[in-house]
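Trainee: Sharing a model that was predicted from the sequence below.
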Amino acid sequence: MRREYDKYHLINVFCSVVDHGSLSKAAKHLGLSTPTVSKTLAQLEQALGQVLLNRTTRAIAVTDAGRIAYQKGQKIISSFTELEDQIAEAATLTRGKLKITFPETLGLKVFSHICNDFQKAFPDFSLELIFSPYHLDLIEDDIDIAFRVWETLPDCQFYAQPLFSIRPIFIAAPTYLEEHGCPKSIAELSQHNIMLTRLDGLEDGWSIDGKFYQFNGNLISNKTFHTRAAALNGNGIAKLPSYFCQRDIKKGRLVEVLPDLERKDKTVGAIYKVKRKDSKKIDVFLNFAQERLQEYDFSLFDK
C-alpha cells in the first residue's frame, strides 16, 4: 500500500502539470526531471485505476476522471497548505492553552503564584492546572508541561528543564526539643519520633557512610501540609523539603535539626513533549517561570 504522504506528492505533481499545461514546465517548477514527472503521473493513474491525462508530443488533455482528480486535489493541497500555515503560526503565538501538572504541595506553595502572575501578564493564555500527588502521563493525559522532582532524571523520550534545587531537612518545634532533647547525630535522630510524608514513595530511613538508619514514628501522611502542622504542634521531628518551612524557621516556630547533615539535593524541573523552539507557548511560559523563580524568596511561600 502506498503511504499517504506519497499520495500527496503524486496529486501535487499532477495538479502542477495541469496548471502549467505541460510535463516539462511542471518539472521545472517543481525542481524535478521530466521523466520523473511522467513516472509520477503513471503512479497516480495506477493508484486510482483511471487515465487522468491524454498525452501527445505537443499537448496534454485532461480526462473526465482527471478533472475530478484535479478539483479534489486542489482542495487537498489547499488544506495542507493551510495546515502548514497554522502550525507555523502556532509556533510563534504568545497565546493559547496550556495543560500543566504539578506535585500538589510544590504546586500550591510555589507555582500557583507564578501561574497567577503569568495570566496577569498574558491574559490571552488559558491554563488548565492539575495539582496532584501522582505523576500524570504526558501522552495519555495530554499534558503540555509536567513539573517534577527528581534526584536523577529518569530516561524518557521527553525534554527536561531543571529549574531549582531543594533538599530534605529535619525540623521540630522548640517545645518538642525542650521535652525530648535535640539529637546530635543521625543515630540519635533515628531514636526520635520521625514524622514522614508519603508522596511517590516513602523515604523512611537515611544512609550515611555505608550505614542505613531506619526511622520510626507514629505519623505517615500523604499531605506535606499535615506533616508540617504536626511538627508545629510539637508531635515529633518532621522530614520536609527545605522550601516548605523556611519562614517557620526564621520566625522561630520550627528549628532545623542536624543542619550540617550530609544530604542529596533534589531537582525541581519541567518535562515537556516538544522542543521549546517548536512551541512558542511552552517557551513563553517556561521563560516566565524561570525569571520568577530567580526573583522569588522561597520563604514567602510559608504561611
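Mentor: Arrived safely.

Trainee: from here on, contacts and neighbour counts on C-alpha atoms
Mentor: OK.

Trainee: Check the spacing between S165 and T105 real quick.
Mentor: Distance, S165 to T105, by Cα to Cα, to the nearest Å: 15 Å.

Trainee: K75 too?
Mentor: Counting by Cα to Cα - K75 and T105 are separated by 51 Å.

Trainee: Tell me where the stretch 1-150 of the chain has strands.
Mentor: 53-55, 60-62, 96-103, 125-132, 145-150 (DSSP state E, counting those that start in this stretch).

Trainee: now the ones you listed as TSV including mean neighbour count?
Mentor: TSV is the format used below for these (neighbours: other Cα atoms under 10 Å):
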stretch	mean neighbour count
strand 53-55	15
strand 60-62	16
strand 96-103	20
strand 125-132	15
strand 145-150	20
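
Trainee: In CSV, list the ones you listed along with mean pLDDT and distance to L254.
Mentor: Below are these laid out as CSV (pLDDT from 0 to 100; distance: least, Cα to Cα, whole Å):
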stretch, mean pLDDT, distance to L254
strand 53-55, 87, 85
strand 60-62, 88, 85
strand 96-103, 92, 24
strand 125-132, 93, 27
strand 145-150, 92, 24
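
Trainee: In CSV: those strands, plus distance to P174.
Mentor: Converted to CSV, the strands of the stretch 1-150 of the chain look like this (distance: least, Cα to Cα, whole Å):
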stretch, distance to P174
strand 53-55, 91
strand 60-62, 91
strand 96-103, 29
strand 125-132, 32
strand 145-150, 30
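
Trainee: K75 and T105: which is more packed in?
Mentor: T105 (18 against 12; other Cα atoms under 10 Å).

Trainee: From R67, how far out is that one?
Mentor: 63 Å.

Trainee: which of the residues in stretch 223-239 are buried?
Mentor: For stretch 223-239, a neighbour-count test (16 or more other Cα atoms under 10 Å) marks 224, 227-228, 230-239 as buried.

Trainee: Just give me the neighbour total for K25.
Mentor: Neighbours around K25, by other Cα under 10 Å: 17.
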